[in-house]
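Trainee: model the structure of this input:
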Amino acid sequence: MTLSSEEVRHDDSLRKEKASPLSVVSGFGRTLLSIDLRGAIVPVGALLMLEFFVRLGWVSPYVLPPPSDLYSTFLYLAEGPLWTNIAASSLRVFFGFVAGSLLAVIVGSIVGLWYSAERYLEPSFQALRAVPSLAWVPLLMIWFGIGETSKIVLIAKSAFFPVYLSLFSGIRNVDRKLVEVGEMYGQSLPTLVWRILIPASLPHLFTGLRYGLSLAWLSVVAAELLAASEGIGYMLSDGRELSRPDLVLIAIICLAVLGKISDSAFKLVEDRCLSWRDTYSTSIGGKAA
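Mentor: Have a look, this model is predicted:
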């Protein structure tokens, strides 16, 4: 079957239109316009009110520096150690979160699939989960020193338990009828795990991963406050020792922004991996609120 010359020219024009820079820019503009900015109303409003109250003298600038001073401090730090500190904390969170999550997926799958493993391991894990992360810091320093290993182990421990519990709960809450249907068709255990148990438990797993990521950011601050020469936690400690609330607030804002960015990125991955779900959240996702 051959195409006429008009059809060929029409197809070429469509390809050029799709590949033109104008179409790319317009597509990017539509993406920007689709971003919901209502979540920025509260923090922006709080910053404006703080600036107003400090300028009127109702709040001491030593207690809460105005946002204009924070911006000046940020520009000063941006020319110096700010990006080094952010990179150091981000790398620690990344390696600790990946290590803790991978171990949690392996252990959670074993405990969730075999009841005998649950009887042996679950009581110990529940007891260890009750121990605060800060209680492990002295022991980790004795074992690994004050280097990077102790910090990464502490972060991995914090990320482990939310992922483990969520995956364990997800596997145990898989609809029994789905497993029975797979067994009726003679599916082996690896096939049941790959085609039924893992997809059905993914929503629980992603919830645990996002929660574990937030705990990883909390733990990196605790680790860096005690022993570190760089990182956001070190910025907090430095601001405390120098009695500079602007440094402390800049570090807190950096933590909030980094935590939000990482969580939003994980949410995009979750939505892409779980696009097959037919749930209440997906049914109202496209409706205006």
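
Trainee: residues in contact with stretch 261-272?
Mentor: 93, 206, 209-210, 213-214, 217 (C-beta atoms under 8 Å, 6 or more residues apart in numbering). (C-beta placed from N, C-alpha, C; glycine too.)

Trainee: same deal with stretch 197-208?
Mentor: Against stretch 197-208 from outside (C-beta under 8 Å, 6+ apart): 104-105, 112-113, 162-167, 169-171, 173-175, 178-179, 266, 269-270, 273-274, 276-277.

Trainee: and it, how far out from the chain's middle?
Mentor: Stretch 197-208 sits 16 Å away from the centroid of its parent chain (C-alpha atoms, centre = their mean, to the nearest Å).

Trainee: now do stretch 82-101
Mentor: A distance of 12 Å separates the centroid of the chain from that of stretch 82-101, by C-alpha atoms, centre = their mean.

Trainee: tell me the average confidence for that stretch?
Mentor: What stretch 82-101 shows for mean pLDDT is 91.

Trainee: so which strand or helix has G80?
Mentor: For G80, there is no helix or strand it lies in under DSSP states H and E.

Trainee: quick check: phi and psi on it?
Mentor: Taking degrees, to the nearest 10, you get phi -120, psi -120 for the backbone angles of G80.

Trainee: state the distance from it to V221.
Mentor: 20 Å (C-beta to C-beta, to the nearest Å).

Trainee: which elements pack onto the longest helix along the chain?
Mentor: Criterion DSSP state H: the longest helix present in the chain is helix 82-113. Other elements packing on helix 82-113 under the criterion 3 or more C-beta pairs under 8 Å, 6 or more residues apart in numbering; DSSP states H and E are helix 115-129, helix 148-172, helix 198-226, helix 232-241, helix 245-273.

Trainee: which among these is found nearest to G45?
Mentor: helix 245-273 (15.6 Å; C-beta to C-beta).

Trainee: off-centre distance for the helix or strand harbouring E180?
Mentor: Per DSSP H and E: E180 is located in helix 176-184. In terms of C-alpha atoms, centre = their mean, the centre of helix 176-184 is set 34 Å apart from its chain centre.

Trainee: for stretch 41-60, same thing?
Mentor: Distance of stretch 41-60 from the chain centroid (C-alpha atoms, centre = their mean) equals 29 Å.

Trainee: so L215 touches F160, yeah?
Mentor: No - judged on C-beta atoms under 8 Å, L215 makes no contact with F160 at a distance of 9.3 Å.

Trainee: quick one: which of the two has more around it?
Mentor: F160 (28 against 20; other C-beta atoms under 10 Å).

Trainee: and I152, how many residues sit next to it?
Mentor: 25.

Trainee: next: Q126.
Mentor: Using other C-beta under 10 Å, Q126 has 11 other residues around it.

Trainee: P199 too?
Mentor: 15.

Trainee: ditto for L121
Mentor: So L121, with other C-beta under 10 Å, has 15 neighbours.

Trainee: chain center to the longest helix of the chain: distance?
Mentor: 10 Å.

Trainee: go on, stretch 247-255?
Mentor: With C-alpha atoms, centre = their mean, you get 18 Å for stretch 247-255.

Trainee: ok, now stretch 130-150?
Mentor: For stretch 130-150 - counting by C-alpha atoms, centre = their mean - the centre lies 23 Å from the chain centre.

Trainee: buried residues in it, which are they?
Mentor: 133, 136-137, 140-141, 148, 150 (16 or more other C-beta atoms under 10 Å).

Trainee: now render the residues you listed as TSV, adding distance to R195, pLDDT and secondary structure.
Mentor: Shown next, in TSV, are the buried residues of stretch 130-150 (distance: C-beta to C-beta, whole Å; pLDDT from 0 to 100; DSSP: H, G, I helix; E, B strand; the rest coil):
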residue	distance to R195	pLDDT	secondary structure
S133	37	80	helix
W136	39	85	helix
V137	43	82	helix
L140	40	84	helix
M141	45	84	helix
E148	40	84	helix
S150	41	86	helix
